[in-house]
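**Student:** Here is the input, now give the coordinates:
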Amino acid sequence: MDVKAGARRPFDGINLNAVSIYLLGAAALYVLLLVYLVLEKPMFMSLAAVGLPLALVIVTNPKLALYQFVFTLFIATVPTQAIPLLLIDYSALLLVVAAVLDLFFHRGEAEIIPHFTVHYAFIILALVLAGLFAFDPPKAVRPVFKVTFILVCYLSVYRLSRHVPVTRLVRLFFWLCVAHAGVVAAEFVASGGSRRSFGLAPVLFDELAMLGLPVGAALFFWSEKRQSLLYLSGTFVVLVALVATQSRAPILLGMFGAILALWLSHCR
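**Tutor:** Numbering: from 1, shown residues only. A predicted model of the protein is given here:
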C-alpha cells in the first residue's frame, strides 16, 4: 500500500476556488470602504481602516513587532490630532499586544523574569509612596502610569527577543541612529553651527544618540577588522550629531558610555 497516497493533505475537503473568490470579494469590499472613508469621512477613520489590518499583521509576527518598535523610536510624529499620541506610543502598544499573544500561544515550561524587573518595581513603589504623601496625590497617577508602561515595554522586548538575536536588534538600532544622525549633522552644518538640530525626533534624538554612541564604540571594538571601519565611521557621525544637539548632559553621558565601552573591551 502506498503510504503517500493515503496521507491526508492539509487542504483536503476545502474548496480552494470558493475560498479564493470569498477573499477577493472581501478585498474588493475593503478597498471600496477605504475609498469611501477617504472621500467622505475624517482622516482618522481612513487611518484606522488602513492601520487595523497592518496592526493585526504586526501583533501576530513577533519579529515584525520588534523591528517596527526599533524603527519608530526615531520618528516623533503624531499620526492624528484626534488622539494626541506619538507614533512610538502606537508602536509600543503593538509590541505589548504581540508579547501577550506570544505568552499565551507559546508558553514555555518556565517563564524567566529578568532581575532588572525587581529594581524597576522598587522605583515604581517609590513613585507611588511619593505621590501618596505629596501635596496633590492625583498628579502622581500619570508619572506612575508612564514608568509602569515603560517597564511593560521592557518586559515585552525581553519576551519577544527570543525570536530575534539581540545582536541583530542592537545593530539595527545603531544603523538607524547613524542614518538619522546624518540628517541631524547635515542640518547643523547647513546652518553654520548656529542652530540646534534634532532631525525627526526633536524630543528623543539626543537621548537616543547618547545610547548610540557607546553602542557604536562597542561594536567597533568587538567586531572583525573588515567591519570595524564601518562601525567607526558610523560612531563618528553619531558623535557629530550628538554635538549638534548641544545637549550637555547627553553629550557627557554618551562620551562616558564610550569610555566605559573602551574600558570593558580592555578588560575583556
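**Student:** tell me how far the ends of stretch 131-140 are from each other?
**Tutor:** Separation of the first and last residues of stretch 131-140 by C-alpha to C-alpha, to the nearest Å is 5 Å.
**Student:** So which bits of that stretch are buried?
**Tutor:** 131, 140 (16 or more other C-beta atoms under 10 Å). C-betas here are computed from N, CA, C, even on glycine.
**Student:** what do you get for stretch 221-238?
**Tutor:** The neighbour-count check on stretch 221-238 (16+ other C-beta under 10 Å) flags 221, 231, 234-238 as buried.
**Student:** Same check on stretch 175-182?
**Tutor:** 175-178, 180-182.
**Student:** Phi and psi next, for the residue nearest in space to the middle of the chain.
**Tutor:** Nearest to the geometric centre of the chain sits Phe69, at 2.0 Å (C-alpha atoms, centre = their mean). For Phe69, the backbone dihedrals (degrees, to the nearest 10) come out as phi -70, psi -50.
**Student:** Tyr90 is in contact with that one, correct?
**Tutor:** No - assessed by C-beta atoms under 8 Å, Phe69 is found out of contact with Tyr90, at 10.2 Å.
**Student:** residues shared between the contacts of those two?
**Tutor:** Between them, Phe69 and Tyr90 share no contacting residue under C-beta atoms under 8 Å, 6 or more residues apart in numbering.
**Student:** on that earlier part again, widest-spaced pair of the buried residues of stretch 221-238?
**Tutor:** Maximum pairwise distance among the buried residues of stretch 221-238 (C-beta to C-beta): 17.3 Å, between Phe221 and Val237.
**Student:** Just give me the neighbour total for Gly193.
**Tutor:** 12 (other C-beta atoms under 10 Å).
**Student:** How much space separates it from Asp206?
**Tutor:** 16 Å (C-beta to C-beta, to the nearest Å).
**Student:** what's the answer for Leu169, then?
**Tutor:** 21 Å.
**Student:** higher neighbour count, those two?
**Tutor:** Higher neighbour count among Leu169 and Asp206: Asp206, with 24 against 18, using other C-beta under 10 Å.
**Student:** Pretty sure that one sits against Val238.
**Tutor:** No - contact criterion C-beta under 8 Å: Asp206 and Val238 do not qualify, at 11.1 Å.
**Student:** mind checking pLDDT for the residue nearest to the centre of the chain?
**Tutor:** Looking at Phe69, its pLDDT reads 92.
**Student:** Next up, the contacts around it.
**Tutor:** Neighbour list for Phe69: 91-92, 94-95, 157 [criterion: C-beta under 8 Å, 6+ apart].
**Student:** What separation do you get for it and Ala130?
**Tutor:** Look at Phe69 and Ala130: by C-beta to C-beta, they are 30 Å apart.
**Student:** quick one: low-confidence parts of the chain?
**Tutor:** By pLDDT under 70, the low-scoring segments of the chain are 1-51, 79-83, 107-111.
**Student:** Do a quick rundown of the helices in it.
**Tutor:** Assigned by DSSP state H, the chain shows helices spanning 3-6, 16-40, 43-59, 62-72, 87-105, 116-132, 141-160, 166-190, 205-222, 225-245, 248-267.
**Student:** which one of these is the most hemmed in?
**Tutor:** helix 205-222 (a mean of 23; mean count of other C-beta atoms under 10 Å).
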